[in-house]
Each structure stands twice: as structure tokens, then as C-alpha cells.
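> After the sequence you'll find the predicted model.
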Amino acid sequence: ESVYGVVTLAAMVFALVASFQHRRQMQEFLLREDRPQAAPLRLRFAAALVDLWPIIAMAIIVRVIHVVQPDSDPFVVAQDPKFEFAMFMAVCVYIGHTAVLEAIFSRTIGKMLFGLTVVSLDGGRPSLWALIMRNVLRCIEIAFFPMIVMVFLSPVSQRAGDIAMGTLVVEKNPKKPAEE
């Protein structure tokens, strides 16, 4: 458990330091009139649910085990080392598939389905480092679910990984406002 705490603390410090590096870029971004607009939260949430398939699948498996063995306590099952390993692997698959797909396409399966993509604050393609690290930093957001509040506190609705890496989720082909 102490290793988990140290790793989490290190990741949080990394995210904080990285976000300071993007402070000037964010200030310039906010002053631009032609800046990319963050995708609506409802689309980003729906895409995130699609991308959570490894973790959702593991939760379903645990539920099925509980139904098959009705006298088993789901909290006891969750403390089983085999279950902990399976959940660890599910989180690794989740982080892995989101990082790899974004590194290649700047989009995950969920983002593809909902017409979203990841851009840097200048509107261009983020660096490979930024795309990978924004996904690695999801571990903090998964472990500390209240960090989702960052989306509501950020001036452009960024999650912690996006703030740290200077990225933004936008609609790939945003609808233009109707001209009058």
C-alpha cells in the first residue's frame, strides 16, 4: 500500500509541475479569439464510458462470479489477490489502449464514436509525450475520483491530465454557427 501512495504522490507532483510549464501557454490560449473550443462535457463523458470497457468488463465478471457463488461477499472477492491483479491488468489495458490509440490517431475508440479528438492548446497535434502522459495521469484521476472536479474548475473544462500536458479535447469537425 505504501508503494501505491508513493507512486500516486509522485504522479500528482509531476502533474502539478507539468501544469506550471503550460501556464504561459494557457494564458496565451485564453486570449486568442480563434482558440479551439472544448468539446461538450456530455460527449466527452460518453466517450469516456466507451473507453472504460476493460474496467466495466472486470466489474461485470466480478458480478457474475458473485451470482454464480451467491454466498460470496463482493467485498471479500474485491480483496482477493487474484481480483486485485485482474483489476490492475484491467486498468493497464485501459491506460494502454487509450495511450496507444491517442498516440497514433489523437483519438480513442470512444472519441472516434463521438467525433472528438485531442489537440494541443495551439490547436495542433499534441506531442507523443503529451498524448502518452495525459493517459498515464488518468491513474491519478481513477485513484482520486474527486479530481474530476478539475473539469469544472478549469477555464476550458480540462481534466488534470490535459492541464498538465497542455492538451484539450475538441470536436473533430465542430459545427459552425449559422451565419445571419
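Thanks, I have the structure now.
> Pop out the phi and psi values for the residue positioned nearest the centre of the chain.
Centroid check for the chain by Cα atoms, centre = their mean gives R138 as the closest residue, at 4.7 Å. Main-chain torsions, R138, degrees, to the nearest 10: phi -60, psi -30.
> give the contact list for it.
By Cβ atoms under 8 Å, 6 or more residues apart in numbering, the contact list for R138 reads Y94, I95, T98, G161. All C-beta atoms are positioned from the backbone trio N, CA, C, and that covers glycine.
> Hmm, L41 is touching R159, no?
No - the pair L41 / R159 is not scored as a contact, 10.5 Å apart, by Cβ atoms under 8 Å.
> overlap in contacts of those two?
Listed contacts common to L41 and R159 are V151; contacts here mean Cβ under 8 Å, 6+ apart.
> Tell me which of these two has more neighbours.
The residue with more neighbours, out of L41 and R159, is R159; 22 against 12, by other Cβ atoms under 10 Å.
> ok, so what distance separates the more buried one from A46?
R159 sits 15 Å away from A46, going by Cβ to Cβ, to the nearest Å.
> S157 too?
15 Å.
> now G166
Using Cβ to Cβ, we find G166 at a distance of 24 Å from A46.
> more crowded one of the two?
Higher neighbour count among G166 and A46: G166, with 23 against 16, using other Cβ under 10 Å.
> Give the burial count for the residue nearest to the more buried one when sequence neighbours are not counted, as a bare number.
Among residues not flanking G166 along the chain, H22 sits closest, at 3.8 Å (Cβ to Cβ, 6 or more residues apart in numbering). Around H22 there are 20 other residues, counting by other Cβ under 10 Å.
> pretty sure H22 contacts D122?
No - with contact defined as Cβ under 8 Å, H22 does not count as touching D122 (11.1 Å).
> what are the ranges of the helices in this structure?
Listed in chain order, the helices of the chain (DSSP state H) span 2-21, 23-31, 41-51, 53-68, 74-79, 81-105, 109-113, 128-136, 138-143, 150-153, 160-165.
> now the fourth one against helix 41-51, angle please.
In this case it means helix 53-68. Helix 53-68 and helix 41-51 meet at an angle of 60 degrees, taking axes from the mean of the first three to the mean of the last three Cα atoms, to 10 degrees as the criterion.
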